[in-house]
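**Q** sequence and predicted structure below; questions after.
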Amino acid sequence: MKNAISETESTSPPIEPTTETPVQDSIRGRSLFALEMTASGLSVRTVFLTEQNQLIEMPAIFPDVHYALAQIDDLRRMAMERFAQAAHIGAQVMAAQAAEQNQKTVEG
């Protein structure tokens, strides 16, 4: 899965153990925005990447307004980039289809 991410260093409070995470007092890693283009639009998830390279579904924590707004600005930038990429790919597909149709018309 190809995702755009916004990384922030943080230490998370203790979490309940699951089958995916070992029992620990605390975990260290980075909070991430995971973005994925789907047929319905842009999917955004918040995850936590541990120092052991495990991805854990976890809500983002914004300790103050400045940090929150900086993260929201990053998410906004990433969303705009993803939609621009999708539009570019769509234009390429349309151009390829038009060229294919023109080729069939010339040959036919």
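**A** Thanks, I have the structure now.
**Q** and the helix or strand hosting Q71, what does it pack onto?
**A** According to DSSP states H and E, Q71 maps onto helix 65-107. Applying 3 or more C-beta pairs under 8 Å, 6 or more residues apart in numbering; DSSP states H and E, we find helix 65-107 packed against strand 27-38, strand 41-50. For the C-beta atoms, the positions are set from N, CA and C on the backbone; glycine is no exception.
**Q** nearest to D74 among those strands would be which one?
**A** For D74, the closest of the helices and strands packed on helix 65-107 is strand 27-38, at 7.3 Å, according to C-beta to C-beta.
**Q** coming back round to it: now the helix holding Q71 against strand 41-50, angle please.
**A** Between helix 65-107 and strand 41-50, the angle comes out at 130 degrees (axes from the mean of the first three to the mean of the last three C-alpha atoms, to 10 degrees).
**Q** tell me which residues form a beta bridge with the residue nearest in space to the middle of the chain?
**A** What sits nearest the mean C-alpha location of the chain, by C-alpha atoms, centre = their mean, is L35, with 2.0 Å. When bridges are called by DSSP bridges, L35 pairs up with A4, V44.
**Q** chain center to the helix holding Q71: distance?
**A** Centroid displacement of helix 65-107 relative to its chain, using C-alpha atoms, centre = their mean, to the nearest Å, is 15 Å.
**Q** got the angle between that helix and strand 27-38?
**A** Per the same axes, to 10 degrees, the angle that helix 65-107 makes with strand 27-38 is 30 degrees.
**Q** just to revisit the earlier point, turn the helices and strands packed on helix 65-107 into JSON lines, columns for distance to E107 and mean pLDDT.
**A** Below are the helices and strands packed on helix 65-107 laid out as JSON lines (distance: least, C-beta to C-beta, whole Å; pLDDT from 0 to 100):
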{"stretch": "strand 27-38", "distance to E107": "35", "mean pLDDT": "89"}
{"stretch": "strand 41-50", "distance to E107": "38", "mean pLDDT": "92"}
